[in-house]
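Engineer: What shape does this take:
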Amino acid sequence: MKKMLAVLSLIVIAALFSGCATSMTGQGFEFAGPGLILTDLYKGGFILPKAESMQDVTVLGPVSGVSKSTSILGWISSGDSSIKAAKDDALKGLDADDILNIEVDSKVKSILGVISEVELHLRGIAVKYKK
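Structural biologist: Below is the predicted model:
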């Protein structure tokens, strides 16, 4: 019985400390998988098709915005890492109607799964519609 417990313990320890250094795919973008001890990665997430014509808009220029959410032990989660929150951040203080040519990436940080943080980074061109 002790021998079997020792063998099972060794298998569990080996499984915990062996990593699969592989990549994962999300929305067509390759990224490193989450780490057991530490995760600090930035991955592609979403690209809106580029606008064909800018004739009906006044281009205000490039903008970027960030939205963020945090989790502690998976028990307490707070924040807003939505595209809308990042878009609102990008348009803050501007007299713009919309953002065109949007690109969105995610940045994920985690330490032992105890504290995790997700940031959504949005980039695009702020525009005002001609009326």
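Engineer: What sits closest to L60 if chain neighbours are left out?
Structural biologist: Using Cβ to Cβ, 6 or more residues apart in numbering and skipping residues adjacent in sequence, the residue nearest L60 is A126, 4.1 Å away. Where C-beta positions appear, they are placed from N, C-alpha and C, glycine not excepted.
Engineer: Tell me how many other residues surround the one you found.
Structural biologist: 21 (other Cβ atoms under 10 Å).
Engineer: Show me what the helix or strand containing S71 is packed up against.
Structural biologist: Using DSSP states H and E, S71 sits within strand 57-72. In terms of contacts (3 or more Cβ pairs under 8 Å, 6 or more residues apart in numbering; DSSP states H and E), strand 57-72 is packed against strand 76-80, helix 83-91, strand 115-129.
Engineer: The same query, at a cut-off of 10 Å, please.
Structural biologist: Here strand 57-72 touches strand 76-80, helix 83-91, strand 98-111, strand 115-129, going by 3 or more Cβ pairs under 10 Å, 6 or more residues apart in numbering; DSSP states H and E.
Engineer: Identify whichever of those lies nearest to M4.
Structural biologist: When the helices and strands packed on strand 57-72 are compared by Cβ to Cβ, strand 98-111 sits nearest M4, at 34.4 Å.
Engineer: how close does H121 sit to D105?
Structural biologist: Distance, H121 to D105, using Cβ to Cβ, to the nearest Å: 5 Å.
Engineer: which residue is nearest the middle of the protein?
Structural biologist: S106 (1.9 Å; Cα atoms, centre = their mean).
Engineer: That one bridge partners, please.
Structural biologist: S106 has these beta-bridge partners by DSSP bridges: K43, L120.
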